[in-house]
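**Student:** structure for this input, please:
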Amino acid sequence: MDGVGRRERELSYSVGQVAGFAGVTVRTLHHYDDIGLLTPSERSRAGHRRYSDADLDRLQRVLFYRELGFPLDEVAALLDDPDADPRARLRRQHELLTARIEKLRKMAAAVEQAMEARRMGIDLTPEERFEVFGDNDPEQYAEETEDRWGGTEAYAESQRRAARRTKEDWQRLQAETADWSERYAALMAAGEPPAGEAAMAMAEEHRRHISAWFYDCPHAMHRCLGEMYVADERFKAFYDAIRPGLAEHLKDAITANADRRAG
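**Tutor:** The predicted structure follows:
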């Protein structure tokens, strides 16, 4: 082999080699050449593209901007601007990379949260979910619940218990909730006052239901929940759908029950 051939092999690379280095297709490199974005510095005697180290450096910058979502015409303008300061360009690349890293970090955190939620959450098949819950999606407010109480022990305990439940457990929970709701609506229909014995007994049953199925709920915490059932429109709508005014009635019954237990 003559000296020219050795020099060509040592200082330039074929389109296939560059594609392998960069993790792109040969077709992509051909396209970059066709539009003038990355024209190889050399051609072999047979007319094949040969890329120099400077070409590889330009390709690296092309791929950097492409990774950040820049269209090809903007990439070309960025690379070919004669007034561009190399140091300013590097600073800009650093800023873009930092922003990209932060975005990816948040995406990774979201995926980790989703994985943990799936591990700790309701592990039912789609068929079982519809069988147990019907149209009432138990994860409907999962994100807001985590935002409010995600760092509390009560939330963690609720998630741990949920992870251990079987389909039969969920069905029993739903049945108990429906039975309590029906009896509380009947209590209101009968005109029982919130501070009456019957209403306070059902408020206590409500508290024990939470402690049994979700997390330990002392009377002070139950009092706070009662306030939330009225203050939060969605909780209020949930209870008032059982019977109009139930959220306010239950809140007062919870307060009266907590007061007498504290006395």
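
**Student:** which intervals of the chain have sub-threshold pLDDT?
**Tutor:** Applying pLDDT under 70 to the chain flags residues 1-10, 84, 86, 109-152, 155, 263.

**Student:** what is the neighbour count of residue 203?
**Tutor:** 25 (other C-beta atoms under 10 Å). C-betas here are computed from N, CA, C, even on glycine.

**Student:** if I look at it, how far off is residue 210?
**Tutor:** Using C-beta to C-beta, to the nearest Å, residue 203 is found at 11 Å from residue 210.

**Student:** same question, residue 15
**Tutor:** 67 Å.

**Student:** go on, residue 247?
**Tutor:** 16 Å.

**Student:** neighbour count for those two, which is higher?
**Tutor:** residue 247 (24 against 16).

**Student:** surely residue 49 and residue 13 touch.
**Tutor:** No. With contact defined as C-beta atoms under 8 Å, residue 49 does not reach residue 13; the gap is 9.2 Å.

**Student:** so how far is residue 73 from residue 238?
**Tutor:** For residue 238 relative to residue 73 (C-beta to C-beta), the value is 53 Å.

**Student:** the helices in the protein, which residues?
**Tutor:** Taking DSSP state H, the helices of the chain run over residues 3-11, 15-22, 26-34, 53-67, 72-80, 86-120, 126-133, 142-149, 153-164, 167-189, 197-213, 219-231, 233-242, 246-262.

**Student:** who touches both of residue 203 and residue 210?
**Tutor:** residue 222 (C-beta atoms under 8 Å, 6 or more residues apart in numbering).

**Student:** in stretch 67-81, which residues are buried?
**Tutor:** Of all the residues in stretch 67-81, those buried under the rule 16 or more other C-beta atoms under 10 Å are 70, 75, 76, 78.

**Student:** most neighbours per residue, which of the helices of the chain?
**Tutor:** Mean neighbour count (mean count of other C-beta atoms under 10 Å) peaks for helix 246-262 among the helices of the chain, with a mean of 20.

**Student:** how far out from the middle of the chain is it?
**Tutor:** Mean-position distance between helix 246-262 and its chain equals 36 Å (C-alpha atoms, centre = their mean, to the nearest Å).

**Student:** what lies in contact with it?
**Tutor:** 184-185, 188, 194-195, 199-200, 202-204, 206-207, 219-220, 222-223, 225-227, 229-230, 235-236, 238-240.

**Student:** now it and helix 197-213, what's the angle there?
**Tutor:** Here the directions of helix 246-262 and helix 197-213 differ by 90 degrees (axes from the mean of the first three to the mean of the last three C-alpha atoms, to 10 degrees).

**Student:** one step back: which of the buried residues of stretch 67-81 sits closest to residue 45?
**Tutor:** Proximity of the buried residues of stretch 67-81 to residue 45 was ranked by C-beta to C-beta; the top entry is residue 76 with 29.5 Å.

**Student:** for the closest residue to the closest one other than its chain neighbours, what are its contacts?
**Tutor:** Nearest non-adjacent residue to residue 76, counting by C-beta to C-beta, 6 or more residues apart in numbering: residue 37, 5.3 Å away. Neighbouring residues of residue 37 by C-beta under 8 Å, 6+ apart: 62, 72, 75, 76, 79.

**Student:** for residue 37, give me phi and psi.
**Tutor:** phi -80, psi -40 (degrees, to the nearest 10).
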